[in-house]
Structures are given as structure tokens and as C-alpha cells.
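# Sequence first, then the predicted structure, then my questions.
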Amino acid sequence: MQILKDATLFFLRSTPNLATVIPAMAIIDEKLTTDSLNHSEFEAPIHAALRLAKKTLNRYNNMTDISEVYQIAMGMYFLHFFYVNILIYVITQSYTSTQAHILQ
């Protein structure tokens, strides 16, 4: 499959980090799912290989999900996302109430 070759070449160019590995795994998983359901394009042995590849990828996904490094990285992302949105909300509310006060 071309996507596996592309992923291999991509990760050989530099040292992968969590920010590049996780999206790449998601893209590969989506492609494996799509191709394993496409019965008109591939023969039975290819479907078996695709299912095996997907099972292997799911095993890595499960190990990633329980990894402390992954949980910390995702926690930091969501914390950052949460604080940025709260800040935007506070600024917007402050701006709106200031405008309303000025217009009175």
C-alpha cells in the first residue's frame, strides 16, 4: 500500500514526535478501514492483510492511549484549548458589556 510506504519515508526523514505520529496513525487507520471495506478493488488475501495491518495498528493505538507521555501531551493540549477559549469568552463579554455601557 502506498500510504505505508509514504509514512515510512516521511518518518525516515526526521525524528518523529507525538505531534506527527498520532495524526499519521489516524490517517493510516482511516485508509486501512476504507480499503478493507472495498471488496471490488482487492482480492481476499489483500483484505486479510489489511485486516491484520489494522489490528496491529489498533494495538499500537491502544498502547499510545495508555502512555503517560501521550496523556500528558493531550492533557496539555486540552488545557491550553480550554484556557484560550475561556480567555476569548471573557474578552468578548467584557467588550460587549463595555460597549453596552458606553451606548447607554
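Great, that's in hand.
# Tell me the backbone dihedrals of N17, please.
With angles defined as degrees, to the nearest 10, N17 sits at phi -130, psi 170.
# Need the three-state assignment for the spatially most central residue of the chain.
Residue closest to the average C-alpha location in the chain (Cα atoms, centre = their mean): P23, at 3.8 Å. Three-state assignment for P23 (DSSP: H, G, I helix; E, B strand; the rest coil): helix.
# How much space separates it from F10?
Distance of P23 to F10, given as Cβ to Cβ, to the nearest Å: 11 Å. From N, CA and C alone the C-beta is placed, and that goes for glycine too.
# cool, Y89 as well?
Applying Cβ to Cβ, the value for Y89 to F10 is 38 Å.
# likewise Q71?
As judged by Cβ to Cβ, Q71 and F10 stand 25 Å apart.
# Could you do I86 as well?
Using Cβ to Cβ, I86 is found at 36 Å from F10.
# Just the mean pLDDT for stretch 28-45, thanks.
Stretch 28-45 shows a mean pLDDT of 85.
# Endpoint to endpoint, it covers what distance?
19 Å (Cα to Cα, to the nearest Å).
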